[in-house]
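1. Need coordinates for the following:
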Amino acid sequence: GVLAAGAFNNLAGGTVGGLVTNAGTTTNAGVMNGGLQNIGGSTTNFGAINGGATVSGGALITSGTITGGLINSATVNASGTISGPIQNNAPGVFNVVAALTGDNAFTNAGGARLNVGAAYNGVTTLANAGSVYVTPAGALNVTGALNNSGSLINTGSTKSASLNNSGVVTSLNSLTTTGLVSNSGTMTLSGAFSNGALNNSGAINVLGALGGASGPTNNSGAINVNTAGATMTMGALTNSGVLNMIGGGIGNVVNAASYAGAGGSVAVDASLAGGGADRLNLGGASTGSGTVFWNFFGASAPHADTPIITNGAGATFVSSISLATSNPSPFAIAGGQLVKDDGFVQQWFGQASPGVWVLRSDVNVAQLGSIMGAVSGMMSAITTAFSEPASAFISKPQDDSPNKFSIGVWGRNRDGQFRIESSSFIPGGGTTADRTIGVTSKAQFVGIQVGIDAGLYNIQNSGWSANLGVHGGIINGESRTPQAT
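-> Just a heads-up that it's a prediction; the model follows:
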């Protein structure tokens, strides 16, 4: 064995049979068959270290070969080949500085750090309770399971056969898992995300348009596709959690092969004036039920149907908002719900056709009918009360002398009330239902009318007479429509 407190160089072709313990400066270009224990200083390996390496202090820089595994609680800058398990303990830092090949498990303990700045291949399993950082130039390839209970930040490429996350994963480039991704922690994703299947009971946050595709997805947590322009594509979706698109403005999209509702919800932003909405696009037959939650934008205005959920025949979706109304639903398919009432314009949620749920604007037919009934009631009151025929207030005098002139003043007052019942039919068409509106109006009024009549009789002894009259008045009326159905 060798105890190096100063400088020790094992040149190319040289062989050391025992353990090398280094606290100074060791350089190996040959073969060290007894392994390495670095307790301080630095060891640079260009050759081969057999029997494993332990780094408890100082630094190991290796670009050669190490067999028998490695234990680190200090600093390792690695490339080349390391065979055997690697244990990175706190406060150790393990840096992949150039292409590195392994053939065994890598364990990164709490408080330890793995930095992958180049291609790191051959890791059979990676268990991380500390922190892993994959740089934009890095590529971490795990042939088996990647188990993360710490922090994994991926700005390069990370691949594994499976991913089990109970910590925090932030992937801003390419994250690929050929098998199951199981998440009970937090995952923040952008770039590309692909997997064989996804089980989520934690939180998944999608930033922007997410490339790649998830396999069958079982969500009992929260999938948040709610940043500007965020989209996500997945296989068959089973949802007992929250699919949340509220918060990124209008236009977020989730594409799923089908939907199996298990009491879950879909939350969307939607314009009240036809400016669009977030959308769940389904690829085929679906089952179960779901609830739609809303975040509305703008003021209500008439608009064409706004799709919310498409191609989901077989499933049932209901709105979290369902306002009481006497108006009939504007949908030909039963189950339409009033979700926003802004006076004359209402917003309804329902099926435009089987499997296509939309936000539909509609005129408040009951209110419109009420106003029409009120106007009709007042016109009827005025016509009936003050435009009815009346006998003349001036009549021919008994005196039959020529050019006899007569004048008179008159007045009358009226008050009363009317009850008017009417019914209107609005035909539907396509996806819109026929509707009949019954209106009951009550009109009451009070008014006065005054006038003056004058007459010239037996003009020039001809037997002809002329009458002239003028009148005016005022009426004050009120009409109410307490019932429109």
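
2. partner strands of the host helix or strand of residue 153, parallel or antiparallel?
-> Secondary structure assignment for residue 153, by DSSP states H and E: strand 151-154. Take DSSP bridges as the rule and strand 151-154 pairs in its sheet with strand 131-134 (parallel), strand 168-171 (parallel).

3. Throw those strands into a markdown table and include distance to residue 72, thanks.
-> Where C-beta positions appear, they are placed from N, C-alpha and C, glycine not excepted. As requested, the strands paired with strand 151-154 are exported to a markdown table (distance: least, CB to CB, whole Å):
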| stretch | distance to residue 72 |
| --- | --- |
| strand 131-134 | 14 |
| strand 168-171 | 23 |
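
4. Mind putting the ones you listed into CSV with mean pLDDT, mean neighbour count and distance to residue 27?
-> Output for those, formatted as CSV (pLDDT from 0 to 100; neighbours: other CB atoms under 10 Å; distance: least, CB to CB, whole Å):
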stretch, mean pLDDT, mean neighbour count, distance to residue 27
strand 131-134, 98, 23, 29
strand 168-171, 98, 22, 39
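
5. The ones you listed: which one's closest to residue 182?
-> Shortest distance between residue 182 and these, using CB to CB, is found for strand 168-171: 11.6 Å.

6. what's the distance between the closest one and the middle of its chain?
-> In this view, strand 168-171 has its centroid 21 Å away from the chain centroid, taken as CA atoms, centre = their mean, to the nearest Å.

7. Residues touching that strand, excluding its own?
-> Here strand 168-171 makes contact (CB atoms under 8 Å, 6 or more residues apart in numbering) with 148, 150-154, 158, 163, 175, 183, 185-191, 193.

8. returning to that earlier point: looking at the strands paired with strand 151-154, which is nearest to residue 22?
-> Among the strands paired with strand 151-154, strand 131-134 comes nearest to residue 22, with 27.3 Å by CB to CB.

9. which strands and helices sit next to the next helix or strand after that closest one?
-> Next in sequence after strand 131-134, counting helices and strands by DSSP H and E, comes strand 139-142. Packed against strand 139-142, as judged by 3 or more CB pairs under 8 Å, 6 or more residues apart in numbering; DSSP states H and E, are the following elements: strand 119-123, strand 157-160.

10. strand partners of the last one, parallel vs antiparallel please.
-> Going back to what we said before, that points to strand 157-160. Take DSSP bridges as the rule and strand 157-160 pairs in its sheet with strand 139-142 (parallel), strand 174-183 (parallel).

11. related to what we said a few turns ago, which among the helices and strands packed on strand 139-142 is found nearest to residue 357?
-> strand 157-160 (37.3 Å).

12. For that closest one, buried residues please.
-> Of the residues in strand 157-160, 157-160 count as buried by neighbour count, 16 or more other CB atoms under 10 Å.

13. low pLDDT regions in this structure?
-> Counting by pLDDT under 70, the ranges of the chain that qualify are 1, 365-399, 418, 420-441, 443, 479-485.

14. returning to what we had before: need the strands paired with strand 157-160 in JSON lines (columns: distance to residue 88 and mean neighbour count).
-> Output for these, formatted as JSON lines (distance: least, CB to CB, whole Å; neighbours: other CB atoms under 10 Å):
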{"stretch": "strand 139-142", "distance to residue 88": "14", "mean neighbour count": "22"}
{"stretch": "strand 174-183", "distance to residue 88": "21", "mean neighbour count": "20"}
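
15. Identify the residues contacting whichever strand or helix holds residue 107?
-> Taking DSSP H and E as the definition, residue 107 sits inside strand 106-108. Contacts with strand 106-108, where a contact means CB under 8 Å, 6+ apart, come from 85-88, 94, 114, 123, 125-132, 150.

16. Closest to residue 338 out of those?
-> residue 150 (49.1 Å).

17. Name all residues that make contact with that closest one.
-> 108, 110, 128-132, 167-168.

18. Then residue 10?
-> Residue 10 is in contact with 16, 20, 26-32, 47, counting by CB under 8 Å, 6+ apart.
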